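Participant: here is a sequence together with a model predicted from it:
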Amino acid sequence: MRRIIRISVILILLAVLVTAVFVIFFDQAVLVRKGTIYHEPVKEKVVALTFDDGPSPVWTPRILDVLKGADVKATFFMLGEHVKMYPDVARRVAREGHTIGNHTYDHHVLLYYHSKELESEIRRTEDIIKEVTGVRTLYFRPPKAWMTSAEKRLVKSMGYEVVLWSLNSKDWVTFDDKYMIKYLLRHVRPGDIILFHDSGGAFSTEGGDRDETVLAVMRLIERLKEKGWRFVTVDELVNMRKNDAQDPGKH
Ligand SMILES: [Zn+2]
């Protein structure tokens with residue numbers, strides 16, 4: 001009996017460990033990239049910073065201050081629920097020239113949805129963002145990057161492009177901004193879309209501590225600027241790729 005208990009405990013610990021390693025070191029977005037915008041093959045040293053799960057009354061203003069101070073524009077994938085709760089913060093994001101994307105209403109994993117529910121979730125979010133900021137969203141990012149091919153087709157038929165990322169800061173499991181910056185600087189390539197969070201926690205859409213994200217974004221911008229990089233929004237990045245494609249000789 002004791003032996004069975006001991007083996008069970010070891011098996012449970014092993015399962016927890018494997019799950020933790022998977023969550024920390026593996027990026028599930030690589031599995032669903034087909035047919036999405038996640039990295040644009042541009043020649044110039046540009047990247048797009050993106051922030052998910054906001055707006056947050058605590059963290060979004062701090063990130064906006066950093067971006068404003070550095071004269072950098074970014075893309076914010078907002079939750080309809082948070083836009084409704086914090087309309088002033090959402091308005092500030094729009095007013096300061098950042099791009100706003102759609103990240104569903106309340107961050108349920110999309111695999112739970114029927115297509116009708118997904119459609120109404122996206123429209124509901126689109127409506128509240130439009131009502132509050134005047135912006136009509138054109139880019140959609142699925143929560144946790146879990147999305148089927150049928151869902152991608154549906155979202156596209158609604159007039160959206162699905163946007164994922166090529167570089168993941170893992171800011172929701174990394175608690176050291178220096179490690180984050182080191183990792184990002186080592187892996188950054190022209191045309192990368194970088195994932196950060198301006199709200200959310202490990203198990204909810206709010207309440208997390210994004211201090212390290214604020215610091216990492218500030219230092220990453222400084223370091224990349226020193227090396228001659230520029231920062232663009234997702235739509236600017238898409239347009240750059242289209243222009244590069246039209247003019248292949250351009251440098
Ligand atoms: Zn999210």
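Facilitator: In hand now; what should we look at? Numbers count the residues shown, from 1 in each chain.
Participant: from here on, just use CA atoms for contacts and neighbour counts.
Facilitator: Noted.
Participant: what pLDDT is listed against whatever residue of the stretch 101-250 of the chain ends up closest to the ion?
Facilitator: Closest residue of the stretch 101-250 of the chain to the ion, Cα to the ion: P143 (4.4 Å). P143 is assigned 91 on the pLDDT scale.
Participant: what about it, neighbour count?
Facilitator: 20 (other Cα atoms under 10 Å).
Participant: list the contacts of it.
Facilitator: Residues near P143 by Cα atoms under 8 Å, 6 or more residues apart in numbering: 103-104, 107-110.
Participant: stretch 25-42 near the ion at all?
Facilitator: No: figure legend: stretch 25-42 not in contact with the ion (Cα under 5 Å from the ion); closest approach 12.0 Å.
Participant: enumerate the positions of that stretch that are buried.
Facilitator: 27, 29, 33, 36-42 (16 or more other Cα atoms under 10 Å).
Participant: hang on, the earlier thing: can you select the buried ones from the contacts of P143 in PyMOL?
Facilitator: Restricted to buried positions by 16+ other Cα under 10 Å, the PyMOL selection for the contacts of P143 reads:
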select buried, resi 103+104+107+108+110
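Participant: among the contacts of P143, which lie within helices?
Facilitator: Among the contacts of P143, no residue falls in helices (DSSP state H).
Participant: from the contacts of P143, which one has the minimum pLDDT?
Facilitator: L110 (69).
Participant: least trustworthy helix or strand in the protein by mean pLDDT?
Facilitator: One helix or strand of the chain scores below all others by mean pLDDT, DSSP states H and E: helix 2-25, with a mean of 85.
Participant: ok, and what's touching that helix?
Facilitator: 170, 173.
Participant: and it, C-alpha only, in CSV?
Facilitator: Presented in CSV, the C-alpha positions along helix 2-25 are these (Å, rounded to 0.1, in the frame of the first residue of the first chain):
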residue,chain,number,x,y,z
ARG,A,2,2.8,2.4,1.0
ARG,A,3,4.6,1.6,-2.2
ILE,A,4,1.5,2.4,-4.3
ILE,A,5,1.2,5.7,-2.5
ARG,A,6,4.9,6.5,-3.1
ILE,A,7,4.7,5.6,-6.8
SER,A,8,1.5,7.7,-7.2
VAL,A,9,3.2,10.7,-5.6
ILE,A,10,6.2,10.3,-7.9
LEU,A,11,4.0,10.0,-10.9
ILE,A,12,2.0,13.1,-10.0
LEU,A,13,5.1,15.1,-9.3
LEU,A,14,6.5,14.0,-12.7
ALA,A,15,3.3,15.1,-14.5
VAL,A,16,3.5,18.5,-12.8
LEU,A,17,7.1,18.9,-13.8
VAL,A,18,6.5,17.9,-17.4
THR,A,19,3.5,20.3,-17.6
ALA,A,20,5.7,23.1,-16.0
VAL,A,21,8.5,22.5,-18.5
PHE,A,22,6.1,22.5,-21.4
VAL,A,23,4.5,25.8,-20.3
ILE,A,24,7.8,27.5,-19.6
PHE,A,25,10.0,26.3,-22.5
